[in-house]
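Asker: got a predicted model here, sequence first, then my questions.
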Amino acid sequence: MESLINLTDEVLVRLYAEGNNNAFDVLLGRYEEKIFTYVFFAVHNQDVANDIFQETFMKAVVTIQQGKYVENGKFQAWLTRIAHNLVIDYFRQLRNENSVSDDDVDYELFNDIRLAEVPVESKMVREQVLEDVKLLVEHLPQNQKEVVFMRYYQELSFKEIAEITGVSINTALGRMRYALLNLRRMASKKELHLAIS
């Protein structure tokens, strides 16, 4: 299994499709923390996050085993898209069951993306700023939290974020700008100094 660790995602997918279960174990190890954290960040419920996480990887397994996975060099983005769709399904189901009020779930919940990159001078400053931002992000609408998480904690590009959330890159960039404005306003009210521009 150690020899598999250095292989690319696409090679590991091919090996798994050919019957090498260890190849999928390596893929799971690479992305399980990021995918679970993404899901938990969206749903804020450990049990629901576990269910969606497991369903994400089950869908990935079935798709690969059926030979339907399209190799494009973006395995992590593909997994995140599966998880994203399952999270949307979860919220839609809650709304349909009248478990969530219209005030809590907006139709555009996962299509409103807003936050620009935080330029900082060093890794240490960046980490501190991200911790401060993380505290403020909890006060953003869910759709803005999702994009902040994808950009800064999953380190996805704007193109990948746009693909995963189903919006154009320009829309993603514009929405990120609005979130940055919201974060600055909150930081000002709380008298926090964030090294963001």
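Answerer: Thanks, I have it.

Asker: please report the distance of Leu27 from Lys59.
Answerer: For Leu27, the distance to Lys59 (Cβ to Cβ, to the nearest Å) stands at 14 Å. Yep, even glycine has a C-beta here, placed from its N, CA and C like the rest.

Asker: higher neighbour count, those two?
Answerer: Leu27 (23 against 15; other Cβ atoms under 10 Å).

Asker: element containing that one?
Answerer: Counting by DSSP states H and E, the element that carries Leu27 is helix 21-43.

Asker: tell me which other helices or strands the next helix or strand after that helix touches.
Answerer: On the C-terminal side of helix 21-43, the nearest following helix or strand under DSSP H and E is helix 46-65. Helix 46-65 is packed against helix 9-17, helix 21-43, helix 75-96, with contacts defined by 3 or more Cβ pairs under 8 Å, 6 or more residues apart in numbering; DSSP states H and E.

Asker: reformat those helices as CSV; add mean pLDDT and distance to Lys190.
Answerer: Conversion of the helices and strands packed on helix 46-65 to CSV gives the following (pLDDT from 0 to 100; distance: least, Cβ to Cβ, whole Å):
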stretch, mean pLDDT, distance to Lys190
helix 9-17, 92, 40
helix 21-43, 91, 21
helix 75-96, 89, 29
